[in-house]
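Q: here's my sequence, what's the structure:
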Amino acid sequence: MKVQLEFGRCGVEVALPAAVHVEVVQGKRLAALSAPQLAVRQALLEPIASVPLPELARGRGRCVVVVSDKTRPVPYPAVLPPLLELLRDCGLGPDRVEILVATGLHRPNDPRELEEMLGPEITRSYRIRNHVARDDASHAFVGTTNRGTEVWIDRGYLEADLRILTGLIEPHLMAGYSGGRKALCPGLASVKTIRSVHGPGMLEGRVGPGILEGNPFHEELVEILEKVGADFLFDVTVDRQRRLTGVFAGDPVWAHQQGALAVERQVLVSVEKPADIVLVSAGGYPLDQTLYQAIKGLAAALNVVRPDGAIVLVAELSEGAGSREFVTLLRSVDSPEMFMERVWQPDFFSVDQWMVQHLCQVLRKASVWIATPRQVVRFGPGFAVRWAESAEQALDEALQQVGAGQKEGEARLVVIPDGPYTLATVLGRKFALGTAWCEAA
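A: Below is the predicted model of the structure:
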């Protein structure tokens, strides 16, 4: 049996072992909208829990439209033109609109990437700026949350008198679902604020894909959004070909909530019992360009792998491991236990430590194989992570480890072809990463 997985831009076909019980899980996404620009315009004129965007836009002097960076496959060339046209009709032309890329702590997007993300017409006509979280001078202090987070936000965003957030709603390993409040924080926050909301205590709480209720990370981001303010939200959902399937515009909290509910109905799938091995994609391009982003695929598999099972992650890793800080962290510790001991020290902080922490959370439950054309970083000897040149090689090795003592055909293999874009569960139960697999959400 062969199965097609998301991998890079083109996908990859994997031959599965014969002596296993196989279950392939994918959500039932909606069909692509036949008239996407018409749907966008209608959503802007008939928003959720908000007055229409033209009523908000008229009389405003300067507008900022916040967009996702290259790691999120938002079909901006199809959906931004109707929004910008509507703003232009209200007196907010290219000279009064800034497009602000919510990079968080990701690297800036270069001109070629911006043109691919937004389309050549928009990149020629509008001022586009990458947020820079490490530049303290470009942020202003807004206040402190109930949990003690100091909120520092992009000064240009705060100075605009019409502020529009945009993004993609999909399962997210920290926030439950992406989109909405994430465009503001971490998207436009300073490193000081991101350090707090991504702190080890926060991530050892009730966080995980699909979890909103009782999720401290989600609750913190909503509080920051309400403290800072945003006038309008414009979030979308897409199918596996990155075509528009839904638009959720209006109040930044309520529209996002409606979008998350709609996405869950599409992407949540259930198996009857945990798998011995999970074969999972990192989601293909653009998520699988770096190991940093590809760890989201491991988190997507964690719900359905049994304790002491194995996860085989398929990822292209065309840009390597990730940031310099991320690579340095992985090379500097010998084991997950050593890393967690270090990260809890009050004076310790490193950019991107949160994704190493998520990797450690995965390794509490399962061994990991990464199938990719090249090894991009060397793990410490205490990390149960192995590299493989192909998914077939990784599956054979994983089966030898976790299938020992089982009769032929008894080992269970669950395949998640589009990785973090599917919310895979056992009997519909979501589990918090922060408490590993012990606490049902």
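Q: check contacts around the closest residue to Glu204 other than its chain neighbours.
A: Distance criterion C-beta to C-beta, 6 or more residues apart in numbering; nearest residue to Glu204, sequence neighbours excluded, is Gly434 at 4.1 Å. Backbone N, C-alpha and C define where each C-beta goes, glycine included. Contacts for Gly434 were tallied using C-beta atoms under 8 Å, 6 or more residues apart in numbering; they are 203-208, 361.
Q: which pLDDT value goes with Gly434?
A: Note for Gly434: predicted pLDDT of 84.
Q: just checking, it is part of a helix?
A: No. Counting by DSSP: H, G, I helix; E, B strand; the rest coil, one finds Gly434 to be coil, located in no helix.
Q: quick check: it vs Pro200, distance?
A: Distance, Gly434 to Pro200, by C-beta to C-beta, to the nearest Å: 9 Å.
Q: with Val402 instead?
A: Relative to Pro200, Val402 is positioned 29 Å away (criterion: C-beta to C-beta).
Q: Gly11 reaches Gln4, doesn't it?
A: Yes. Counting by C-beta atoms under 8 Å, Gly11 sits close enough to Gln4 to count as a contact (5.4 Å).
Q: got any ranges where this protein has weak pLDDT?
A: Where the chain drops to pLDDT under 70, the residues are 404-409, 435-441.
Q: what's the biggest strand in it, counting residues?
A: Using DSSP state E, we find that the single longest strand of the chain is strand 305-314.
Q: which residue ranges make up the domains of this protein?
A: 2-27+272-426, 36-265 (automatic domain parsing).
Q: export the ones you listed to TSV and tack on mean neighbour count?
A: What follows is the domains of the chain, written out as TSV (neighbours: other C-beta atoms under 10 Å):
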stretch	mean neighbour count
domain 2-27+272-426	20
domain 36-265	20
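Q: from Ala411, how far out is Met355?
A: 30 Å.
Q: element containing the residue lying closest to Val151 once chain neighbours are set aside?
A: Excluding the flanking residues, the one nearest Val151 by C-beta to C-beta, 6+ apart is Val142, at 4.3 Å. For Val142, the element it lies in under DSSP states H and E is strand 139-144.
Q: could you pull out the helices for the stretch 151-300 of the chain?
A: Assigned by DSSP state H, counting those that start in this stretch, the stretch 151-300 of the chain shows helices spanning 155-159, 191-197, 200-203, 216-228, 254-267, 291-302.
Q: so Asp154 sits against Ser138, correct?
A: Yes. Counting by C-beta under 8 Å, Asp154 does reach Ser138; the two are 6.4 Å apart.
Q: list the contacts of the residue nearest to the spatial centre of the chain.
A: For the chain, the residue sitting closest to the mean C-alpha position, by C-alpha atoms, centre = their mean, is His172 at 4.8 Å. His172 sits next to 178, 182, 209, 296, 420 when contact means C-beta under 8 Å, 6+ apart.
Q: closest one of those residues to Phe217?
A: Nearest to Phe217 out of the contacts of His172 is Lys182 (C-beta to C-beta; 9.7 Å).
Q: skip the chain neighbours and tell me the closest residue to that closest one.
A: Among residues not flanking Lys182 along the chain, Ala175 sits closest, at 5.7 Å (C-beta to C-beta, 6+ apart).
Q: so the one you found sits right up against Cys185, yeah?
A: No. Applying C-beta under 8 Å as the test, Ala175 and Cys185 come out as separate, 10.1 Å apart.
Q: which residues do these two both contact?
A: Joint contacts of Ala175 and Cys185 (C-beta under 8 Å, 6+ apart) are Leu221.
Q: residues touching the nearest residue to Ile48 once chain neighbours are set aside, list them.
A: Excluding the flanking residues, the one nearest Ile48 by C-beta to C-beta, 6+ apart is Gly250, at 3.5 Å. Listed by C-beta under 8 Å, 6+ apart, the contact set of Gly250 reads 43, 47-50, 232-233.
Q: adding distance to Gly382 and secondary structure, write those residues out as JSON lines.
A: What follows is those, written out as JSON lines (distance: C-beta to C-beta, whole Å; DSSP: H, G, I helix; E, B strand; the rest coil):
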{"residue": "Ala43", "distance to Gly382": "50", "secondary structure": "helix"}
{"residue": "Pro47", "distance to Gly382": "51", "secondary structure": "coil"}
{"residue": "Ile48", "distance to Gly382": "48", "secondary structure": "strand"}
{"residue": "Ala49", "distance to Gly382": "50", "secondary structure": "coil"}
{"residue": "Ser50", "distance to Gly382": "51", "secondary structure": "coil"}
{"residue": "Phe232", "distance to Gly382": "48", "secondary structure": "strand"}
{"residue": "Leu233", "distance to Gly382": "43", "secondary structure": "strand"}
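Q: the contacts of Gly434: which two are farthest apart?
A: Every pair of the contacts of Gly434 checked by C-beta to C-beta; the farthest is Arg206 and Gln361, at 12.7 Å.
Q: between the contacts of His172, which sits nearest Thr245?
A: Relative to Thr245, the closest of the contacts of His172 is Ser178; by C-beta to C-beta it sits at 15.1 Å.
Q: from Ala294, how far off is that closest one?
A: For Ser178, the distance to Ala294 equals 16 Å [C-beta to C-beta].
Q: try Asn215
A: Using C-beta to C-beta, we find Asn215 at a distance of 23 Å from Ala294.
Q: surely Glu319 meets Gln289?
A: Yes. Counting by C-beta under 8 Å, Glu319 does reach Gln289; the two are 4.4 Å apart.
Q: nearest residue to Gly380 in space, please, no chain neighbours.
A: Asp334 is the one closest to Gly380 (C-beta to C-beta, 6+ apart), at 3.7 Å.
Q: for Pro81, same thing?
A: In space, and not counting its chain neighbours, Pro81 is closest to Gln37: 6.8 Å by C-beta to C-beta, 6+ apart.
Q: tell me the phi and psi of that neighbour?
A: Backbone torsions of Gln37, given as degrees, to the nearest 10, read phi -70, psi -30.
Q: hang on, it packs against Leu84?
A: No. Between Gln37 and Leu84 there is no contact under C-beta under 8 Å: 11.5 Å.
Q: now do the contacts for Tyr292.
A: Here Tyr292 is in contact with 321-323, 326, 352, 355 (C-beta under 8 Å, 6+ apart).
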